[in-house]
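Asker: based on what follows, work out the 3D shape:
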Amino acid sequence: MILSTRTRTLWSVISVLPVLAFILWDGPTWLTLVLMIIAPLLMAIPHEGLHVLGHRLYGVRARLGQIKSVFGWPTLAVQALEPQSLRSYRLALLLPALVLGLVPLVLGVSLGSRPVLLIGWVGVSMASSDLAVWFHLRHWPGQTLVRDHPGEVGVIRLDA
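Answerer: Numbers count the residues shown, from 1 in each chain. Okay, the predicted model is just below:
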């Protein structure tokens, strides 16, 4: 299962909508604009590190590499080096969205902090391709054996 360029583009657009809505709601302040530029840069390595942690929790070796993004630019990506169950792959896939997206969103709402809320939306936006892969794999059984695709966003099913 490989995400097509159209699917990746659609998920990228969908993921940016909450950030744009936030800017329209809060207004384009200097703080908002600075966070929009700095947050993705500061969150990229922790995002990929959480993927590595998710793989390692299940004893799967992983390494940092790069793939082509939806626009053809090189982007950081973690690649599992061994086959694994889909259950463990899902954890590694969703960990950055949960830690860098959902947690700041909840904290931003509960504390009434707009900058923390924006950081949460940026974290969710950065996980858009992870969420797209999870969405497309959600009907596969957890014991399905998968391996990261070597050059694309997606997985290769090994037990089919």
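
Asker: please, where are all the helices along the chain?
Answerer: Assigned by DSSP state H, the helices in the chain fall at 5-26, 30-57, 86-96, 103-111, 114-126, 128-137.

Asker: what residue is smack in the middle of this protein?
Answerer: Ala127 (2.0 Å; Cα atoms, centre = their mean).

Asker: what is the burial count for the residue nearest to it when sequence neighbours are not counted?
Answerer: Spatially, and ignoring its direct neighbours in sequence, Ala127 is nearest to Ala97 (3.7 Å; Cβ to Cβ, 6 or more residues apart in numbering). C-beta coordinates here come from the backbone N, C-alpha and C atoms, glycine included. Using other Cβ atoms under 10 Å, Ala97 has 21 neighbouring residues.

Asker: what does His51 give?
Answerer: Count around His51 with other Cβ under 10 Å applied: 24.

Asker: give me every residue that touches it.
Answerer: Taking Cβ atoms under 8 Å, 6 or more residues apart in numbering, we find His51 in contact with 62, 78, 92-93, 95-96.

Asker: one step back: isn't the residue nearest to the centre of the chain right up against Leu95?
Answerer: No: in this structure Ala127 lies outside contact range of Leu95 using Cβ atoms under 8 Å: 9.2 Å.

Asker: could you measure from the residue nearest to Ala127 over to Leu64?
Answerer: Ala97 sits 18 Å away from Leu64, going by Cβ to Cβ, to the nearest Å.

Asker: then Ala21?
Answerer: 32 Å.

Asker: how many residues are close by the closest residue to Pro150 other than its chain neighbours?
Answerer: Of all residues not flanking Pro150 in the chain, Gln79 sits nearest, at 7.4 Å (Cβ to Cβ, 6+ apart). The local packing of Gln79 (other Cβ under 10 Å) involves 19 other residues.

Asker: repeat that for the one 5 residues further on.
Answerer: Residues contacting Gln84 under the criterion other Cβ under 10 Å number 25.

Asker: who's in contact with it?
Answerer: Gln84 neighbours (Cβ under 8 Å, 6+ apart): 55, 58, 60, 145-147.

Asker: OK, contacts around Ala80?
Answerer: Ala80 sits next to 55, 60-62, 89, 92, 147-148 when contact means Cβ under 8 Å, 6+ apart.
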